[in-house]
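Peer 1: No sequence on hand, only this structure:
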DNA sequence: TATTGTTATACTCTATAACTATA
DNA sequence: TATAGTTATAGAGTATAACAATA
């Protein structure tokens, strides 16, 4: 079991490094990509909403949004009904970047799993589901 | 396939968060634990060797070792034949911490996989191996 | 000359606390 | 009063570059 856990951890490390390198090439180092991904999933969002979704402080979001504004991925638009709030919104460039992330994410999944037989893939997915459920249990009762 | 990749990524995130929280409780926040783990695997090591193993700059290792010396996990011992180098070496406390990490790592693997039937576990491990091999291929030819 | 580790400096990401404008 | 976001400040982790001691 220890060997299997070690392999899961190594898979996590390698995926992480690979994605980080890829994102850096796109001009979206580190956490900025998470923010782009979140806006892609949610649409234009207040900074509060983003802070909660990413479990960061509002201050951290301010810094990330500043960086993404500067690099031209998003703009701060006025909230239509609450003048305290801003809606972080994709520019054309930001929207294109997000859609490109999504496409390449799917393409990457295909490359990663395409070699597996249908049975192996199915069994892997099944085991993964059980492990994930078990981990969630462990975290709740931690 | 996209759903399976998403689950792998979520497993990575959850494992990461869980381990980070656990390590912080032991007084080994963030990267210091990686360094302790590496010294545990390698035995007393020069900072150069640690820099290469963790793929960090020598300067980063200096900072991590400083922190571990200050918190009493390691000492810098003179290298027996090379007076430029130091051997980063566990104190009693550091050695105990490393062995405790190892024990809990194994215990965690048991908790995570114990519910799976033998067949499910075997199939999961097998799929994991293939995915890991495939990912290594992709990284080489990136 | 090359290598080991350090000092000096800077950047990113994160946090807490105090503040402004609005609700 | 409470909420959205900012300014001010601090700490961890990382990097590059220049340097001292040693090989």
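Peer 2: Structure received. Bear in mind the structure is a predicted one, so any value in this text is a computation, not a measurement.

Peer 1: CA only for contacts and neighbour counts going forward, please
Peer 2: OK.

Peer 1: Give the buried residues for the helix or strand hosting residue A:34.
Peer 2: Under the criterion of DSSP states H and E, residue A:34 resides in helix A:31-42. Neighbour-count burial for helix A:31-42 flags A:32-33, A:35-40 (criterion: 16 or more other CA atoms under 10 Å in any protein chain shown).

Peer 1: Can you sort out which of those residues also neighbour DNA strand C?
Peer 2: Intersecting the buried residues of helix A:31-42 with the contacts of DNA strand C gives residue A:32 (criterion: CA under 7 Å from any atom of the strand).

Peer 1: From the buried residues of helix A:31-42, pick the one nearest residue A:57.
Peer 2: Nearest to residue A:57 among the buried residues of helix A:31-42 is residue A:35, at 13.0 Å by CA to CA.

Peer 1: List the contacts of that closest one.
Peer 2: A:50, A:54, A:64 (CA atoms under 8 Å, 6 or more residues apart in numbering or on different chains).

Peer 1: Looking at the residues you listed, which are in strands?
Peer 2: Among the contacts of residue A:35, none falls in strands (DSSP state E).

Peer 1: possible to save these as JSON lines with neighbour count?
Peer 2: Below are those laid out as JSON lines (neighbours: other CA atoms under 10 Å in any protein chain shown):
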{"residue": "A:50", "neighbour count": "20"}
{"residue": "A:54", "neighbour count": "13"}
{"residue": "A:64", "neighbour count": "17"}
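
Peer 1: Serialize these to CSV and add fields for pLDDT and distance to residue A:73.
Peer 2: Shown next, in CSV, are those (pLDDT from 0 to 100; distance: CA to CA, whole Å):
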residue, pLDDT, distance to residue A:73
A:50, 98, 16
A:54, 97, 18
A:64, 97, 11
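
Peer 1: can you redo these as a markdown table with distance to DNA strand D?
Peer 2: Formatted as a markdown table, these follow (distance: CA to the nearest atom of the strand, whole Å):
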| residue | distance to DNA strand D |
| --- | --- |
| A:50 | 8 |
| A:54 | 13 |
| A:64 | 9 |
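
Peer 1: List just the nearest of the residues you listed to chain B.
Peer 2: Nearest to chain B among these: residue A:54, at 12.2 Å, using CA to the nearest CA.

Peer 1: give the contact list for the closest one.
Peer 2: Residue A:54 neighbours (CA under 8 Å, 6+ apart): A:34-35.

Peer 1: For it, give its distance to DNA strand C.
Peer 2: Distance, residue A:54 to DNA strand C, using CA to the nearest atom of the strand, to the nearest Å: 8 Å.

Peer 1: Repeat that for residue A:137.
Peer 2: To DNA strand C, residue A:137 is 23 Å away according to CA to the nearest atom of the strand.

Peer 1: Show the contacting residues for the spatially most central residue of chain A.
Peer 2: Note on chain A: the residue nearest the mean C-alpha position is residue A:34, at 4.4 Å, using CA atoms, centre = their mean. Neighbouring residues of residue A:34 by CA under 8 Å, 6+ apart: residue A:54.

Peer 1: for residue A:20, same thing?
Peer 2: Counting by CA under 8 Å, 6+ apart, residue A:20 has contacts A:29-30.
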